[in-house]
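**Student:** okay, sequence plus prediction incoming.
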There are 2 protein chains.
Amino acid sequence: MPKIETIVSPALFHLYEKGIEHKNIVVIDVLRATTTICVALANGATEIIPVGTPEEALLFKKDGYLVAAERSGKTVEGFTLGNSPQEYSAHVVNGKKIAFTTTNGTRALQLCRGANKTIIASFLNAAAVAKMLAYEEKNVILFCSGWKDKLNLEDTILAGKIAQHLLPQFELLGDASNLAADLYTFCKDDIAGYLQKASHVQRFKSLHVESDLEVCLQPDTINIVSVYKNGIIA
Amino acid sequence: MPKIETIVSPALFHLYEKGIEHKNIVVIDVLRATTTICVALANGATEIIPVGTPEEALLFKKDGYLVAAERSGKTVEGFTLGNSPQEYSAHVVNGKKIAFTTTNGTRALQLCRGANKTIIASFLNAAAVAKMLAYEEKNVILFCSGWKDKLNLEDTILAGKIAQHLLPQFELLGDASNLAADLYTFCKDDIAGYLQKASHVQRFKSLHVESDLEVCLQPDTINIVSVYKNGIIA
């Protein structure tokens, strides 16, 4: 039976790295990088290149890419696109390539380079992601991006939701997987209400981007699964 | 209002290190180092010195110390005492000093050197620990030892129990504190039953030390709070 492991922080990634070439890794950054990526691709963006720094993103401009950069929740000065899924409407991104850097999500993606497949997950496409994982029948790592290496509630909850989708065909391996699955059970009837106490939601309020929260928590509205391969998400 | 932070793994300790000289740190290693320490001191041991290696522990033998060493759940060869609280009866430890090394707990203790106070917690003395923390009114870090840098359920649950004892006089700070408090709420009616899925409980079964589990989960049977200071727990 294939197994599900869960990583609650990028700082713990090294503990799970052995054998990742045989595993599918699901990268989760609910608020907001992986949600924004899902929305951009669903709205017709043709590819997204996650890069480490705003400077690297700017290098793509001359090749016709849209460039996007966020740090600590805010759009970086000099960029018109940040990390709000609401900015990535079809009108803006359809047919476009995007170079993208964010506080947590892009770093997490870069750690996954050696995996069999690296899959981008959000609440919006969680059921579709689970369906792909079930079809592949490989061991899975649910990789939460967290916030500056601390664990966060929203990523852990989505890991739990995907894990619950995969049971009983998969086995939960390790305490972090059980914790995530049970946290999802604990709060699933009102995830938005539960997340009012999450650090990042409180950060959102101070940044006046609360409307993103509702967008980021819509479950299973997108049927597209995006894969990160050779430095490109498509 | 004093704040409660929670560290789910020693690998994340550095994220919380700033200002620890003003904070009380609670070290948690339910299965079994901090439980064993609480039991030994309650049964009359006069001091416990946590050391890094079995070799260091042996150096204390000539000074009349009992020496104890555990690795990966087993008593290290050449030692008569390991890491089972049931070994530390009054008959064995009353009036004795002990030098002690374990897989996870002693390492966690050594990380806390700069804290205002480092307090040893187990389910057995959780209420007494909370009472001391409430009396002191300082910011608190609940520090889970985990298992080889991965988080574990039992330490996270005890962190949650202590946090719940401290509410509403203290404030939960950060997502890990909320996660721990809610996990405790989720499973508190049957913690032993819940922990059947914990990795370390499954490890216990393979080591034939299941009877320790019951001992380690007895809530609030010991009224003693032990503090780690200048390398000594007393």
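**Tutor:** Yep, it's here.
**Student:** how far away is the residue nearest to A:Leu173 when sequence neighbours are not counted from chain B?
**Tutor:** Leaving aside its chain neighbours, A:Leu173 sits nearest to A:Lys3 (4.1 Å; criterion: C-beta to C-beta, 6 or more residues apart in numbering or on different chains). (Glycine included, C-beta is placed from N, CA and C.) To chain B, A:Lys3 is 12 Å away according to C-beta to the nearest C-beta, to the nearest Å.
**Student:** any idea what A:Lys3 is bridged to?
**Tutor:** Here A:Lys3 sits in beta bridges with A:Glu171, as judged by DSSP bridges.
**Student:** repeat for A:Pro50
**Tutor:** A:Phe100.
**Student:** that one contacts A:Leu111, doesn't it?
**Tutor:** No. With contact defined as C-beta atoms under 8 Å, A:Pro50 does not reach A:Leu111; the gap is 11.3 Å.
**Student:** the two: which is more packed in?
**Tutor:** A:Pro50 (26 against 19; other C-beta atoms under 10 Å in any protein chain shown).
**Student:** check contacts around the nearest residue to A:Ala90 once chain neighbours are set aside.
**Tutor:** Spatial nearest neighbour of A:Ala90, chain neighbours left out: A:Asn43 (4.2 Å); criterion: C-beta to C-beta, 6+ apart. By C-beta atoms under 8 Å, 6 or more residues apart in numbering or on different chains, A:Asn43 lies in contact with A:88-90, A:92-94.
**Student:** sort out which of those are buried, if you could.
**Tutor:** The neighbour-count test (16 or more other C-beta atoms under 10 Å in any protein chain shown) marks A:88, A:92-93 as buried among the contacts of A:Asn43.
**Student:** which of the residues you listed lies closest to A:Asp190?
**Tutor:** Ranked by distance to A:Asp190 (C-beta to C-beta), the buried ones among the contacts of A:Asn43 are led by A:Tyr88 at 26.9 Å.
**Student:** and the gap between that closest one and chain B?
**Tutor:** Counting by C-beta to the nearest C-beta, the gap from A:Tyr88 to chain B is 26 Å.
**Student:** for the residue nearest to that residue when sequence neighbours are not counted, grab phi and psi.
**Tutor:** Nearest residue to A:Tyr88, sequence neighbours excluded (C-beta to C-beta, 6+ apart): A:Ala40, at 4.1 Å. Here is the backbone geometry of A:Ala40 (degrees, to the nearest 10): phi -60, psi -40.
**Student:** ok, A:Ala40 to A:Gly231 distance?
**Tutor:** 16 Å (C-beta to C-beta, to the nearest Å).
**Student:** between these two, who's got more neighbours?
**Tutor:** A:Ala40 (29 against 12).
**Student:** I'd say the more buried one and A:Ser89 touch.
**Tutor:** No. At 9.3 Å, A:Ala40 and A:Ser89 do not qualify as touching, with contact defined as C-beta under 8 Å.
**Student:** before we move on, the earlier item: my read: the residue nearest to A:Leu173 touches A:Phe170, true?
**Tutor:** Yes. Using C-beta under 8 Å, A:Lys3 is in contact with A:Phe170, at 6.5 Å.
**Student:** more crowded one of those two?
**Tutor:** A:Phe170 (22 against 16).
**Student:** still on that earlier bit, mutual contacts of A:Lys3 and A:Phe170, please.
**Tutor:** A:Val140.
**Student:** ok, and the closest non-adjacent residue to A:Asn83?
**Tutor:** A:Glu70 (3.5 Å).
**Student:** got the residues of chain A near chain B?
**Tutor:** Applying C-beta under 8 Å from any C-beta of the partner chain, we find that chain A lies next to chain B at A:8-9, A:11-12, A:15, A:147-153, A:156, A:172, A:174-176, A:178-179, A:182-183, A:185-187, A:197-200.
**Student:** could you identify the buried members of the residues you listed?
**Tutor:** Among the residues of chain A next to chain B, the ones that count as buried (16+ other C-beta under 10 Å) are A:8-9, A:11-12, A:15, A:147, A:149-153, A:156, A:172, A:174-176, A:178-179, A:182-183, A:186-187, A:198-200.
**Student:** in strands, which of those residues fall?
**Tutor:** In strands, defined here by DSSP state E, the members of those are A:Leu172.
**Student:** on that earlier part again, for the residue nearest to A:Leu173, which residues are in contact?
**Tutor:** Residues near A:Lys3 by C-beta under 8 Å, 6+ apart: A:139-140, A:170-173.
**Student:** now, which of the residues you listed sits nearest chain B?
**Tutor:** Nearest to chain B out of the contacts of A:Lys3 is A:Leu172 (C-beta to the nearest C-beta; 7.6 Å).
**Student:** would you confirm that that closest one contacts A:Ile4?
**Tutor:** Yes. At 5.5 Å, A:Leu172 counts as touching A:Ile4 under the criterion of C-beta under 8 Å.
**Student:** any common contacting residues for the two?
**Tutor:** A:Ala163.
**Student:** need the contacts of A:Lys3 in JSON lines with distance to A:Ser122 and pLDDT, can you?
**Tutor:** Below are the contacts of A:Lys3 laid out as JSON lines (distance: C-beta to C-beta, whole Å; pLDDT from 0 to 100):
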{"residue": "A:Asn139", "distance to A:Ser122": "22", "pLDDT": "98"}
{"residue": "A:Val140", "distance to A:Ser122": "16", "pLDDT": "98"}
{"residue": "A:Phe170", "distance to A:Ser122": "20", "pLDDT": "98"}
{"residue": "A:Glu171", "distance to A:Ser122": "24", "pLDDT": "97"}
{"residue": "A:Leu172", "distance to A:Ser122": "21", "pLDDT": "97"}
{"residue": "A:Leu173", "distance to A:Ser122": "23", "pLDDT": "97"}
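**Student:** which pair in those spans the largest distance?
**Tutor:** Most distant of the contacts of A:Lys3, by C-beta to C-beta, are A:Asn139 and A:Leu172, 11.8 Å apart.
**Student:** which neighbours do those two share?
**Tutor:** Common neighbours of A:Asn139 and A:Leu172 (C-beta under 8 Å, 6+ apart) are A:3-4.
**Student:** strands along chain A, start to end?
**Tutor:** A:3-7, A:24-28, A:47-50, A:66-71, A:74-75, A:97-101, A:117-121, A:140-144, A:171-172, A:226-229, A:232-233.
**Student:** circling back to that earlier point, tell me the one among the contacts of A:Asn43 nearest to chain B.
**Tutor:** For those, the nearest to chain B is A:Tyr88 (26.1 Å; C-beta to the nearest C-beta).
**Student:** give the contact list for the closest one.
**Tutor:** Per C-beta under 8 Å, 6+ apart, neighbours of A:Tyr88: A:36, A:39-40, A:43, A:45, A:81.
**Student:** can you report how many residues lie near the residue nearest to A:Asn83?
**Tutor:** 24.
**Student:** distance check, it against A:Glu87.
**Tutor:** 10 Å.
**Student:** check A:Leu183 too.
**Tutor:** In this view, A:Leu183 and A:Glu87 are 30 Å apart by C-beta to C-beta.
**Student:** what does A:Phe79 give?
**Tutor:** A:Phe79 is 10 Å from A:Glu87, by C-beta to C-beta.
**Student:** same thing with A:Asn43?
**Tutor:** Counting by C-beta to C-beta, the gap from A:Asn43 to A:Glu87 is 10 Å.
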